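Asks: This is a predicted model, with the sequence first.
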Amino acid sequence: MDYIHETKEILKEIFCTSWMDDNKIDDIIDETLKASGTTIEDLANVIETAVKNGHSIKEQKEILSEILT
């Protein structure tokens, strides 16, 4: 399964505030990933591995939220 969509949704939930439109959210996500030296595909692969090892998407969101905020 491809977890890119889920990863993008998790990142949007973490970074989104009421004043942001989709383009602004995408820009913030892109800049955050670039600054951290990773890609959406890399994060999706990590999430996929974690899910295969029995961890939920919710757990992944909580972990990413702690790391990124």
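Replies: Arrived safely.

Asks: hey, let's count contacts and neighbours off CA atoms from now on
Replies: OK.

Asks: what helix or strand is the residue minimising distance to the centre of the chain on?
Replies: Note on the chain: the residue nearest the mean C-alpha position is residue 11, at 3.5 Å, using C-alpha atoms, centre = their mean. Per DSSP states H and E: residue 11 is located in helix 4-15.

Asks: What are the buried residues along that helix?
Replies: 4, 7-8, 10-12, 14-15 (16 or more other C-alpha atoms under 10 Å).

Asks: same question, stretch 20-27
Replies: 25-26.

Asks: Sketch out the strands for this protein, chain order is fine.
Replies: Here the chain has no strands by DSSP state E.

Asks: Next, count neighbours for residue 47.
Replies: 24 (other C-alpha atoms under 10 Å).

Asks: ugh, wrong one, I meant residue 17
Replies: 10.

Asks: Look up how far residue 25 lies from it.
Replies: Between residue 17 and residue 25 the distance is 9 Å, computed by C-alpha to C-alpha, to the nearest Å.

Asks: returning to what we had before: now the residue lying closest to the residue nearest to the centre of the chain once chain neighbours are set aside: how far from residue 42?
Replies: Computed as C-alpha to C-alpha, 6 or more residues apart in numbering, the closest residue to residue 11 that is not its neighbour in sequence is residue 29, at 6.8 Å. Distance, residue 29 to residue 42, by C-alpha to C-alpha: 14 Å.

Asks: Compare these two (neighbour count), which wins?
Replies: Using other C-alpha under 10 Å as the criterion, residue 29 and residue 42 rank with residue 29 on top: 20 against 14.
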